[in-house]
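Colleague: With the sequence up front, the predicted model follows.
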Amino acid sequence: MKNLLYIGNKLSDHGYTATSIETLGSFLQGEGFSVYYASSKRNKLLRMFEMIYMTLKCAKKVDYVMIDTYSTVNFWYALVISQLCRILNVKYIPKLHGGDLPNRIEKSKYFSNLIFNNAYINIAPSFYLYEAFKKNGYHNLKYIPNTIELQAYPQNTKEFKIPKLLWVRSFANIYNPIMAVKVFIDLKKNYPEAQLCMIGPKKDDSYDQTVEFAQKNNIEVIFTGKLSKEEWIEMSKDYNVFINTTHFDNTPVSVIEAMALGLPVVSTKVGGIPFLLKHEVNALLIDDNDAQGMAQQIRRLIEDRDLAENISQNAKETVADFDWEIVKKQWIDLLK
């Protein structure tokens, strides 16, 4: 098997949600690849220095450098490491992330061309990003979806008597967590025993704003902080609807996981979401920031059990193609 250097934000030990560098990296190691990582440094500058150091150190012993590439700070990490790889004559593979990345490649066309035109290949985990990159003139592209191990997501029967909402994401403004509380307040009018659990680490001031908003409106919300995957999967057994309130998105793993668990999903239809979710087929979709609309769609699930069960079943069938046992063939063929 080949040797890989994986560049990204490996920060779960610091309380952040595990990202592709940890999940995909672990999967690839399980298939026999040797994987080096950078970086787990919390400080952004130190993280950048370690990424550079590891690229220099590993250049002669790795076959590929994989780079998690986002639209914000990590875009500049990707720029520096990709150009260093070019100097060192190492093949690099940007793995594209983030619903706002299409805007980044249009705003920073020169730097985007340096990264993506010179890549060995660019990996798009959604057809949304695949089409956006193709539209911008990039043709060294391959679609390989985000992946999960389906066997890790047990099924349990759901009751739909009252809304029991589950929200799983980092608390960041782009994910609009305060909207979840607004939806909950609306539902409480008809279902005073409704529940809302919000799981995820603090990423910016949106956590404090969301907690304060709930307290101000005298609404009891369960805030768990960051949980391990096993812990939140266990908690999911007590809930019957998964809500995704984001302003921007690609193909979020948390939504894929909810679908695998059999939770009907109600989501904003932003970014790559409509490429994954189809309204009234495998989810219910609403406009960005439409709390009233989301509450109404949740009421439909509670009032129409057949709708909820059909969406749940279709969702499970959708994510079957994201199982690692299927997706790994594409990675092995690419990296062999």
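Modeller: Cool, got the structure.
Colleague: separation between the residue positioned nearest the centre of the chain and Leu277?
Modeller: The centre of the chain sits closest to Pro252, judged by CA atoms, centre = their mean, with a distance of 3.0 Å. In this structure, Pro252 and Leu277 are separated by 10 Å, where distance is defined by CB to CB, to the nearest Å. Yep, even glycine has a C-beta here, placed from its N, CA and C like the rest.
Colleague: ditto for Thr17
Modeller: Looking at Thr17 against Leu277, where the rule is CB to CB, the gap reads 21 Å.
Colleague: Of the two, give the one with the bigger neighbour count.
Modeller: Remark: of Thr17 and Leu277, Leu277 carries more neighbours, 24 against 20, as counted by other CB atoms under 10 Å.
Colleague: so the more buried one touches Ser267, yeah?
Modeller: Yes: between Leu277 and Ser267 there is a contact at 5.9 Å, judged by CB atoms under 8 Å.
Colleague: wait, what's in contact with the residue nearest to the centre of the chain?
Modeller: Contact criterion CB atoms under 8 Å, 6 or more residues apart in numbering gives Arg169, Asn244, Thr246 as the residues in contact with Pro252.
Colleague: just Phe322 next, same as before
Modeller: For Phe322, counting by CB under 8 Å, 6+ apart, the contacting residues are Pro145, Asn146, Thr147, Ile148, Leu150, Ile256.
Colleague: Tell me how many other residues crowd the fourth one.
Modeller: Residues near Ile148, counting by other CB under 10 Å, number 21.
Colleague: pLDDT value on it, please?
Modeller: On pLDDT, Ile148 comes in at 93.
Colleague: got the residue ranges for the strands in this protein?
Modeller: In chain order, the chain shows strands spanning 3-7, 34-38, 64-69, 91-96, 122-124, 141-143, 164-168, 195-199, 222-225, 241-244, 265-268, 284-286, with DSSP state E as the criterion.
Colleague: and of the ones you listed, who's closest to Tyr53?
Modeller: Relative to Tyr53, the nearest member of these by CB to CB is strand 34-38, separated by 7.5 Å.
Colleague: for the closest one, packing partners?
Modeller: The elements that strand 34-38 packs onto, with contact taken as 3 or more CB pairs under 8 Å, 6 or more residues apart in numbering; DSSP states H and E, are strand 3-7, helix 20-30, helix 44-58.
Colleague: Now His14: closest residue in space, sequence neighbours ignored.
Modeller: If you skip the residues right next to it in sequence, His14 has Arg42 as its closest partner in space, 4.9 Å away by CB to CB, 6 or more residues apart in numbering.
Colleague: Looks like that neighbour contacts Leu11 (just checking).
Modeller: Yes: here Arg42 reaches Leu11: they are 6.7 Å apart, a contact under CB under 8 Å.
Colleague: Neighbour count for those two, which is higher?
Modeller: Of the pair Arg42 and Leu11, Leu11 is the one with more neighbours under other CB under 10 Å, namely 19 against 13.
Colleague: What's the separation between the more buried one and Arg47?
Modeller: Leu11 sits 9 Å away from Arg47 when distances are taken as CB to CB.
Colleague: which of the residues in stretch 160-175 are buried?
Modeller: Of the residues in stretch 160-175, those buried under the neighbour-count criterion (16 or more other CB atoms under 10 Å) are 160, 163-172, 174-175.
Colleague: Can you check the distance spanned by it, start to finish?
Modeller: In stretch 160-175, first residue to last residue: 26 Å (CA to CA, to the nearest Å).
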